[in-house]
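Colleague: need coordinates for the following:
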Amino acid sequence: MLTKAKKIQGFTLRGTDEEVGSVKEFLFDDKFWTVRYLVANTGGWLSGRQVLISPYFLLSVDYDSEIINVGLTKSEIENSPSLDSDKPVSRQYEEDYYVYYRTPMYWTGPYMWGAHPEIIRDREKWTTEKTEQLKSWDPNLRSTREVSGYNIKASDDEIGHVDDFILDDQTWAIRYFIVDTRNWWPGKKVLVSTRWIDRISWDESKVFVGLSRDAIKQAPEYTEDYMLTRDYESRLHQYYKRKGYWSDEPVSKAYSQ
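Modeller: Numbers count the residues shown, from 1 in each chain. Next up is the predicted model:
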């Protein structure tokens, strides 16, 4: 299911034995545009450190009860590698984290989840060791809270800012940025696929998109209460003359206007 990141911020995190906190924000990479960790607000029982939960342990999202079920005990989280709340996530910390939980390292392979194109929660199917066939890459993790508000730079001019993110709660991929154009003209909110993003400048707090300002301006409007159906996504991609992420066919040449 596709959902807004802000919609599930504050949802209760229920471990296998008791509640462990609530959703604070998400950390994602800008290579596969995938959530690598959910940052938990523990309510003080682990004050002074960040509590990160990998999507490997996010079992299900109950939108009616506003609960995310986590496949970890409170003790497992408490004894996990400690990360100071004011420090970024380092490669050494991640290696310690994945060794502790004995989960596959997502950066040791060519796919979204390392050796696998999809997230696998069956421990018996996990590939946890590096091999010569798996090419490592260096993730650059950023938070959804940090990137919210970044200006959007189209191919010819600026046109708005990042308002929110559309997440896939099965793969935990970020499918779209929600762009608010109303700070530049009497505009609207539109969706921009992460596949259409050229790069993010962390120094300039800008997201560079390979679409023209006018193309984004004329795109189908996204409203807060709109259900993101596959029909809507198909029409959005048809407007931009792009293949959908759900298609096995190669993405067509970038749209320009």
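
Colleague: who does Lys189 bridge with?
Modeller: When bridges are called by DSSP bridges, Lys189 pairs up with Asp180.

Colleague: was I right to think it contacts Phe177?
Modeller: No - taking CB atoms under 8 Å as the definition, Lys189 is not a contact partner of Phe177, at 10.4 Å. Placement of C-beta: from N, CA and C, glycine included.

Colleague: tally of neighbours for Trp246?
Modeller: Trp246 has 10 neighbours, counted by other CB atoms under 10 Å.

Colleague: then it would be within a strand, right?
Modeller: No - read with DSSP: H, G, I helix; E, B strand; the rest coil, Trp246 is coil and lies in no strand.

Colleague: where does it fall, phi/psi-wise?
Modeller: phi -80, psi -10 (degrees, to the nearest 10).

Colleague: does it really touch Arg230, like I thought?
Modeller: Yes - taking contacts as CB under 8 Å, Trp246 lies within contact range of Arg230: 7.5 Å.

Colleague: and the chain, what are its domains?
Modeller: 2-125, 148-240 (automatic domain parsing).

Colleague: export these to a markdown table and tack on mean pLDDT, mean neighbour count and distance to Asn140?
Modeller: Listed next are the domains of the chain as a markdown table, based on pLDDT from 0 to 100; neighbours: other CB atoms under 10 Å; distance: least, CB to CB, whole Å:
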| stretch | mean pLDDT | mean neighbour count | distance to Asn140 |
| --- | --- | --- | --- |
| domain 2-125 | 92 | 17 | 6 |
| domain 148-240 | 91 | 17 | 8 |
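
Colleague: and of the ones you listed, who's closest to Asp138?
Modeller: domain 2-125 (7.2 Å; CB to CB).

Colleague: now do the helices in the stretch 101-250 of the chain.
Modeller: Ranges of helices in the stretch 101-250 of the chain, per DSSP state H, counting those that start in this stretch, are 144-147, 213-217, 230-240.

Colleague: quick one: Thr16 and Gly71 touch, right?
Modeller: Yes - in this structure, Thr16 is within contact of Gly71 by CB under 8 Å, at 6.2 Å.
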